[in-house]
Each structure stands twice: as C-alpha cells, then as structure tokens.
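Undergrad: Sequence and predicted structure are below.
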Amino acid sequence: MPDTTPGTASPGPHSGSRSGRRGGTAALAAALVVGGLAAGVPGTATAATGCAVTYTTSEWPGGFSAAVTVQNLGSAVNGWTLAFTFPSSGQKVTTGWSANWSQSGQNVTATNVDYNAAIATGASVSIGFNGSWSGSNPKPAAFTLNGVTCTGSTTTSSPTPSVTPTVTPTVTPTVTPSATPTVTPTVTPSATPSATPTATPTTGKPTVAADGTGTYRTVQAAIDAVPTGNSSRKVITIKPGTYREIVTIPANKPYITLQGLGSSARDVLIVNNHAAGAYGTFNSATAFVNGHDSALTNLTVSNDYVEDGSTVNQQAVALNLNADRATLSNVRLLGDQDTFLVNASARAYVRSSYIDGTVDFIFGDGTAVLHDCDIYEKRSSGAPITAARTDAAKPYGFLIYKSRISGATGDTTQLGRPWGPNAQVLYRESTLSSTIKTSQPWTDMSGNSWKNARFFEYRNTGAGATVNANRPQLSDAQAANYTPQKYLAGSDGWNPVS
C-alpha cells in the first residue's frame, strides 16, 4: 500500500498481478473444557488442588493443531507435568510449543519450560502442539497434572497421585528465549513483543534442509516435487535454518503444508528482500501461496528490505496469499510496509501467530480471521495497521479476534484506513495497548472516507480501547453475525475454528 500517512506524499497505486483457486475439503475443529485439573505437586500435603483445562483443535485431512490452556484454581505450583491419553492409536504429536512434549504409544506428557514453571492461583498457562492423525481424531477424555487426576473441583485433602504414564521421550526440545519481537499467544505484548512459543522438533529425515541432510536443499525444490493436481495433504518438513529464496505454492498444487521443525517459529526463516521499486508491490513477496487448502506452521516468512526513508516504492510484501481455505498456525510474518497481502480469492484463518510492519501491513481485498495473534506496529511515528479493499458485495473482510495490538510508541497507531471505499474491518474482543491513537483510530485513504467504510469495534479492552464518536461499535445483536465462523464459512461451510 502507498505510504500516505499525514505529512508524507503518496507514491501512487500498487502494481502487480494476482491469481488463485478454490476447492478441496472443509477443515474440522473441536473444543473440550475439563474442570478440576490439579494444581499441586505430588506428595504436597493439604495443598489446595484444582484447575480447568481447555483443549481446542483446528483440523485438516491427516493433521491438526491443538491449543491447551491450563487455569490453576488451587494452590500455586512451581513445576508441572500435564498428561493425557489419545483415544486413537493413529494420533501423534509432531511439534509442540511452550512445553517439553513427549509421547509413548497413546500416552502424551507436556512438562513446563523455564519461563512458565510457576502457575499462581487463578493464573493460566497456554501450550500447544501440531499433530497428525489417521482413522479418527477424537479428543482426550481426561487430563492429570503432577499425577493428580482432574476432578472438577478444588480440594484441600492430600492427593493420592495417579500414575503418570511412563514415556520414552521422542524429542529433546531446546528453549531459547529471544528479545526479538515474536508471538506469545498467552501474553499481552509490551512495546517489545515477547518470545515465540517453543516447539518440539520431530525426528527423522526432514524434507528440506539447507545443510544437505534433507531430501531437498530448498523449500521451492520440495514444492516443485509435489505432483500437479495432488488431492491429499503433502507435508513438507523444514529443518531449522535460513532459506533465502522466493517460495511459490502454485494454484495447481493444493493441500501443501510447510512445517518448520525448529523449537520455535523463528528457527525456520524463509526470507528475501524484493521491493516495489524493482518488482511492483504484489510481485515483491517472499512467499506466494496460491494452492487452495495450503497450511503454514511453526516458521517465519520475512521480507527484510529496509525502508530508505522516502515514501516511494517502499512496499515489500512478506506473504502474498491467494489460497482459499488457507491456515497459518504459529507463524511469524515480518516486514515493514505491506507485510501481509490477502487477495480476493483468499479465505485465511491465522491462529496464534505474530505479524509486524510499519504501514498497511495487513491489506487486501480477501477475507482473513486473525485469532489469538500479536500485531506490532514498528514505526515510532505510528501508522495504520490495516488497509482493506473489500468488495461491496462481500460481507466480510478482516476480523482481528481475541488478539493483542501493541506498538513502538503511545497514541500513534491507527487501526486502519480504507484502500477501497467499502473496506470491512472489525477488531473484536481484542486487547488494544496504549499505542492506539484513541481519539481517531481510523483515517481516510486515497479519497475514501473511513466514515463510509465498514469499520467497527466490539468489546475491546486495554488502554487503547476508548469508545468515542470516531469509534463505531457493534451492538450485541450485530456481533452475532460477525464471528470467525461467519467470516470464513463462504458457500462451502468451511469452519476451521470449531
């Protein structure tokens, strides 16, 4: 998008081309809430125990992503192990984050890492994993914490620890916190976003490894090897490393998953530095994802072009998305201006991910739900986050849902501006930090008035969530028609959320 923030000149419209394709199978998801997870350590006499577990999955053919939240309802703990049993022998943990994950047979354990070992009374810890399944993918029926079975209540009696399943760890994850801004789904970021959730690398030979230990040395070579018109999920695993290349998943190769094998999303970096001056905005992307039902998980896509201080040709896209029914999980999208482009053919569900940029860094005329994401405005002078160009006939554009918005400075960042006159953007039930320009969070663009666009908020919280005449709010009745499911359903009923 052109950088036409106050006090700057507009360089003119974007240039480039777009393509895409629809089709495939609908994703499935499920959620399970279990009350009474123990919050004590085995052998701790008269410790109050009890907590609740939420287990939510987003599913695709042969694979799924699970988010697990543990809320401590009992005495504080310092050090924990969560255990459960998969109902089906075909269910496997492949990568995980925010815990040390291991599996033996159908028994799964997750042990705390250093930064989340302590759970205070009333506090929560969120962890998760990506998995594979065959036959069926039912939800676990019960959980234990530190050997104590979930009972649905808080007690002060001495627990009799149940037997934690004996496991032979399949992996040894490494937790490497970093100060670099990344996604932490359970923590509201400050001006400097916190560490990326850690993940457990899988074993075996990766599909792609830059050091030659995989089947291919580049991500694109692995994609090129997928047959045209494939009709089943193809998972391309990527060994930690830096892959400086342009990656394209073509429209005639659906059902491709790019899966990083690192201990966090930062460990697999797909990066380039093309910019609008030489390539046009749309063609400047590091990754072009066009095949329907594509999935990206546990990796980073970056455009590391550095703005030169001018307002001309600074657009540099990280991800150009044309794919319908695309899912992104635990992904980092890094850039400056125009980081993430969602084109008209795309429906995208982005979960527990991190996106940063300077101007219009979530933009386009497609439909996207950003759920439990961290969005960070890098520019100290602030700028608009979104620039939607939703068609008038399309009811849904961008939904920022239960996410966290932060930035480099206070009272400078705008929620968005209308690239097209009928732009549709909703910030719903999200935490808006003090970076938001509270008096005027929406602004005009290219002759399009924000007042004529479909810009709304609903039940946001935080220092930047003030309500005034410049901040249209949905009513409860209206909000019922603006859920993630409504945004993504389309004509085929796609529902990756629940």
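TA: Structure's in. What do you need? Residues are numbered from 1 along each chain as shown.
Undergrad: helix/strand/coil for Lys486?
TA: The three-state label given to Lys486 by DSSP: H, G, I helix; E, B strand; the rest coil is helix.
Undergrad: Over to the closest residue in space to it that isn't next to it in sequence. Which of the three states is it?
TA: Leaving aside its chain neighbours, Lys486 sits nearest to Tyr396 (6.9 Å; criterion: C-beta to C-beta, 6 or more residues apart in numbering). Glycine gets a C-beta too; all of them are placed from N, C-alpha and C. Look at Tyr396: counting by three-state DSSP, its state is coil.
Undergrad: Tyr396 - how many residues pack around it?
TA: When neighbours are defined as other C-beta atoms under 10 Å, Tyr396 has 23 of them.
Undergrad: mind checking pLDDT for Ala293?
TA: Not quite, residue 293 is Asp, not Ala. pLDDT recorded at Asp293 is 97.
Undergrad: for Cys373, that is, sorry about that
TA: Cys373 carries a pLDDT value of 97.
Undergrad: I'd assumed Ser403 was in contact with it.
TA: Yes: using C-beta atoms under 8 Å, Cys373 is in contact with Ser403, at 4.4 Å.
Undergrad: Going along the chain from the helix or strand harbouring Ala278, find the next helix or strand for me.
TA: Element membership of Ala278 [criterion: DSSP states H and E] is helix 276-279. Once the chain leaves helix 276-279, the next helix or strand it forms, by DSSP H and E, is strand 287-289.
Undergrad: roughly how far apart are the residue positioned nearest the centre of the chain and Leu474?
TA: For the chain, Ser353 is the residue whose C-alpha lies nearest the centre (C-alpha atoms, centre = their mean; 2.5 Å). For Ser353, the distance to Leu474 equals 24 Å [C-beta to C-beta, to the nearest Å].
Undergrad: Over to Ile355?
TA: Counting by C-beta to C-beta, the gap from Ile355 to Leu474 is 23 Å.
Undergrad: The two: who's more crowded?
TA: Ile355 (25 against 16).
Undergrad: Tell me the secondary structure at Ala323.
TA: Following three-state DSSP, we place Ala323 in the coil state.
Undergrad: wait, it sits on Ile249?
TA: Yes: between Ala323 and Ile249 there is a contact under C-beta under 8 Å: 7.2 Å.
Undergrad: okay, and the common contacts of the two?
TA: Here Ala323 and Ile249 have 289-291, 294 as joint contacts, going by C-beta atoms under 8 Å, 6 or more residues apart in numbering.
Undergrad: now the helices for the stretch 351-498 of the chain?
TA: Per DSSP state H, counting those that start in this stretch, the stretch 351-498 of the chain carries helices over the ranges 476-479, 484-489.
Undergrad: how near is Ala480 to Tyr458?
TA: Counting by C-beta to C-beta, the gap between Ala480 and Tyr458 amounts to 11 Å.
Undergrad: which one of the two has more residues nearby?
TA: Tyr458 (19 against 10).
Undergrad: so how far is Ser491 from Thr242?
TA: With the distance defined as C-beta to C-beta, Thr242 ends up 40 Å from Ser491.
Undergrad: what about the two, which has more around it?
TA: Neighbour comparison, Thr242 and Ser491: the larger count goes to Thr242, with 13 against 6 (by other C-beta under 10 Å).
Undergrad: re earlier: what is in contact with Ala480 and Tyr458 at once?
TA: Overlap of the contact sets of Ala480 and Tyr458 (by C-beta under 8 Å, 6+ apart) is empty.
Undergrad: Between its first and last residues, what's the separation in stretch 211-227?
TA: For stretch 211-227, the separation between the terminal residues is 25 Å (C-alpha to C-alpha, to the nearest Å).
Undergrad: Any chance you could list what contacts that stretch?
TA: Stretch 211-227 has contacts (C-beta under 8 Å, 6+ apart) with 205-210, 234, 236-239, 241, 243, 245-250, 253, 256, 258, 270.
Undergrad: And those, which of them are buried?
TA: 206-210, 234, 236-239, 241, 243, 245-250, 253, 256, 258, 270 (16 or more other C-beta atoms under 10 Å).
Undergrad: Inside strands: which ones of those?
TA: 234, 236-238, 241, 243, 247-249, 256, 258, 270 (DSSP state E).
Undergrad: got the residue ranges for the strands in the stretch 251-400 of the chain?
TA: In the stretch 251-400 of the chain, the segments counted as strands under DSSP state E, counting those that start in this stretch are 256-260, 268-272, 287-289, 295-303, 319-321, 326-334, 340-342, 347-351, 354-357, 362-364, 367-371, 374-377, 384-388, 398-401.
Undergrad: With the stretch 1-150 of the chain instead?
TA: Along the stretch 1-150 of the chain, counting by DSSP E, counting those that start in this stretch, strands occupy 28-35, 51-60, 63-72, 77-78, 81-85, 92-97, 100-104, 107-111, 118-119, 124-132, 143-145, 148-149.
Undergrad: Parallel or antiparallel, which strands does the last one pair with?
TA: What it means is strand 148-149. Its sheet considered, strand 148-149 pairs with strand 143-145 (antiparallel) by DSSP bridges.
Undergrad: where does Asn132 sit relative to Ile362, distance-wise?
TA: Not quite, residue 132 is Ser, not Asn. 30 Å.
Undergrad: Counting neighbours, go ahead and name the busier of these two.
TA: Between Ser132 and Ile362, Ile362 has the larger neighbour count (other C-beta under 10 Å), namely 27 against 16.
Undergrad: coming back round to it: I'd like the strands of the stretch 1-150 of the chain laid out as CSV, including mean pLDDT and distance to Val226.
TA: Formatted as CSV, those follow (pLDDT from 0 to 100; distance: least, C-beta to C-beta, whole Å):
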stretch, mean pLDDT, distance to Val226
strand 28-35, 36, 23
strand 51-60, 75, 16
strand 63-72, 77, 16
strand 77-78, 88, 46
strand 81-85, 93, 34
strand 92-97, 78, 19
strand 100-104, 90, 28
strand 107-111, 93, 30
strand 118-119, 86, 43
strand 124-132, 77, 18
strand 143-145, 89, 37
strand 148-149, 84, 45
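Undergrad: Let's have those in CSV, adding distance to Gly407.
TA: Shown next, in CSV, are the strands of the stretch 1-150 of the chain (distance: least, C-beta to C-beta, whole Å):
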stretch, distance to Gly407
strand 28-35, 31
strand 51-60, 28
strand 63-72, 26
strand 77-78, 34
strand 81-85, 34
strand 92-97, 25
strand 100-104, 33
strand 107-111, 33
strand 118-119, 29
strand 124-132, 23
strand 143-145, 37
strand 148-149, 42
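Undergrad: what's the closest of the ones you listed to Thr311?
TA: Among those, strand 92-97 comes nearest to Thr311, with 38.3 Å by C-beta to C-beta.
Undergrad: taking the ones in strands among the buried ones among the contacts of stretch 211-227 as a set, which two sit the farthest apart in space?
TA: The distance between the two most remote of these (C-beta to C-beta) is 20.5 Å, for Lys234 and Gly241.
Undergrad: if we can go back for a sec, out of the strands of the stretch 1-150 of the chain, nearest to Ala469?
TA: Among the strands of the stretch 1-150 of the chain, the nearest to Ala469 by C-beta to C-beta is strand 124-132 (35.9 Å).
Undergrad: buried residues in that closest one?
TA: Buried residues in strand 124-132 (16+ other C-beta under 10 Å): 125-132.
Undergrad: What sits closest to Val208 if chain neighbours are left out?
TA: Distance criterion C-beta to C-beta, 6+ apart; nearest residue to Val208, sequence neighbours excluded, is Ile238 at 4.6 Å.
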